[in-house]
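Q: Give me a 3D structure for the following:
(one chain, ligands or ions: 1)
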Amino acid sequence: MTTAISVHDVTVHYGDVLALDHATLEVQAGRVCGLIGMNGSGKSTLFKTITGLVRPDSGTVRVNDESPGRARKSGAVGYVPQSEDVDWAFPLSVRDVVMTGRYGHMGFMRHARRTDHEAVDDALERVELTEYANRQIGQLSGGQKKRVFVARGIAQGATILLLDEPFAGVDKRSEATITRLLRELADAGATVLVSTHDLHALPDLADEAVLLMRRVLMHGDPDEVLQPDNLALAFGLDVLNRGEN
Ligand SMILES: Nc1ncnc2c1ncn2[C@@H]1O[C@H](COP(=O)(O)OP(=O)(O)OP(=O)(O)O)[C@@H](O)[C@H]1O
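A: Coordinates of the predicted model:
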């Protein structure tokens with residue numbers, strides 16, 4: 001097995017706030033790993049350290065055995081950010097955003113060639129957004145917006161996909177499309193780390209699950225991680241039953 005993502009003993013502070021506390025995690029290539037934890041448990045921070053957007057105070061992060069910065073520049077890492085982190089008013093079309101995934105394949109002048117256009121067309125088709133290609137990105141539903149960024153990762157040829165709550169505020173069709181795509185990408189060798197608050201969907205979505213509370217409390221089979229005792233550790237209550245009452 002090949003380790004695609006390696007986070008070792010990583011601590012991150014924002015000023016006085018401790019966001020990650022000696023977090024350690026390894027994800028093997030070709031796996032879909034679900035990341036769960038309550039609000040503020042450090043999920044987004046973990047994604048940002050893996051992409052190199054946040055530098056740890058201590059500890060090491062390796063992505064495909066490279067530094068996060070190198071891996072990002074090489075185009076190996078595709079990142080689907082939380083919706084709040086995106087400026088949806090920016091005057092870019094769906095096609096433009098997906099094309100940004102091709103920048104690493106272009107020369108200095110960023111002139112798109114036929115292969116770039118074909119890669120974008122193919123990615124748009126896979127996320128079922130071909131008919132929206134020329135629409136401004138703000139004029140999409142929540143689920144369609146997420147699919148744009150998944151398409152960007154596909155066009156990029158990313159071998160590691162990081163998705164920060166791709167199912168938040170998302171319609172059922174988008175959820176099903178994204179879940180199916182993640183499985184297809186992993187079956188083709190990609191590594192997927194995906195955070196979600198939808199615990200019920202986790203066993204269908206992921207091969208393994210991680211319970212985060214600033215540090216990794218548990219990492220294993222989704223059914224095992226979802227045991228009420230384990231969830232109580234991370235959430236302090238029986239979250240699985242809460243939604244059904
Ligand atoms: N830029 C920042 N400046 C200061 N504190 C921050 C910053 N970003 C995150 N934090 C704090 O760091 C901690 C971890 O935040 P993070 O966004 O990683 O958690 P999360 O698990 O992704 O939360 P959520 O589920 O609400 O998205 C929180 O206490 C948060 O308030």
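Q: How much space separates the closest residue to Thr196 other than its chain neighbours from Ala89?
A: Nearest-residue entry for Thr196: Phe167, 5.5 Å, with adjacent residues in sequence omitted and distances by C-beta to C-beta, 6 or more residues apart in numbering. Just so you know, the C-beta spots here come from the backbone N, C-alpha and C atoms, and that holds for glycine as well. Distance, Phe167 to Ala89, by C-beta to C-beta, to the nearest Å: 23 Å.
Q: Please name the bridge partners of the residue nearest the centre of the chain.
A: Ranked by distance to the mean C-alpha position of the chain (C-alpha atoms, centre = their mean), the top residue is Leu163 at 1.5 Å. Beta-bridge pairing for Leu163 (DSSP bridges): Val80, Val194.
Q: can you check Val12 too?
A: Going by DSSP bridges, Val12 forms beta bridges with Leu20.
Q: Helices along this protein, start to end?
A: 43-51, 68-73, 94-100, 114-126, 142-156, 172-187, 202-205, 222-225, 228-235, 239-242 (DSSP state H).
Q: follow-up on the earlier one: which one of Phe167 and Ala89 is surrounded by more residues?
A: More crowded of Phe167 and Ala89, by other C-beta atoms under 10 Å: Phe167, with 22 against 9.
Q: Surely that one and His200 touch.
A: No: look at Phe167 against His200 with C-beta atoms under 8 Å: they stay out of range, at 11.0 Å.
Q: Residue numbers of this structure in contact with the ligand?
A: Proximity of the chain to the ligand, by C-beta under 6 Å from any ligand atom, involves residues 14, 17, 19, 37, 39-45.
Q: mind putting those residues in CSV, neighbour count included?
A: Formatted as CSV, these follow (neighbours: other C-beta atoms under 10 Å):
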residue, neighbour count
Tyr14, 9
Val17, 9
Ala19, 23
Gly37, 20
Asn39, 7
Gly40, 12
Ser41, 22
Gly42, 24
Lys43, 24
Ser44, 20
Thr45, 23
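Q: which among the residues you listed gets closest to Asp221?
A: Gly37 (17.2 Å; C-beta to C-beta).
Q: That closest one: what's it in contact with?
A: Gly37 makes contacts with 43, 195, 211-213, 234, as judged by C-beta atoms under 8 Å, 6 or more residues apart in numbering.
Q: Any stretches of this structure with poor pLDDT?
A: 237-245 (pLDDT under 70).
Q: ok, now with 80
A: 1, 105-110, 236-245 (pLDDT under 80).
Q: quick one on the thing from earlier: quick one: buried ones out of the contacts of Gly37?
A: 43, 195, 211-213, 234 (16 or more other C-beta atoms under 10 Å).
Q: returning to that earlier point: can you tell me which of the contacts of Gly37 lies nearest to the ligand?
A: Lys43 (3.5 Å; C-beta to the nearest ligand atom).
Q: Can you get me a residue count around Val170?
A: Using other C-beta under 10 Å: Val170 sits among 22 other residues.
Q: Next one: it from Val150, what distance?
A: Relative to Val150, and taking C-beta to C-beta, Val170 is found at 11 Å.
Q: repeat for Pro166
A: 7 Å.
Q: between those two, what contacts are shared?
A: With contacts defined as C-beta under 8 Å, 6+ apart, the residues shared by Pro166 and Val150 are 80, 178.
Q: quick one: contacts for Ile36?
A: 195-197, 199, 202, 209-212, 225, 234.
Q: Verify the stated contact: Gln156 with Met99.
A: No: here Gln156 lies out of contact with Met99, judged by C-beta under 8 Å, at a distance of 10.1 Å.
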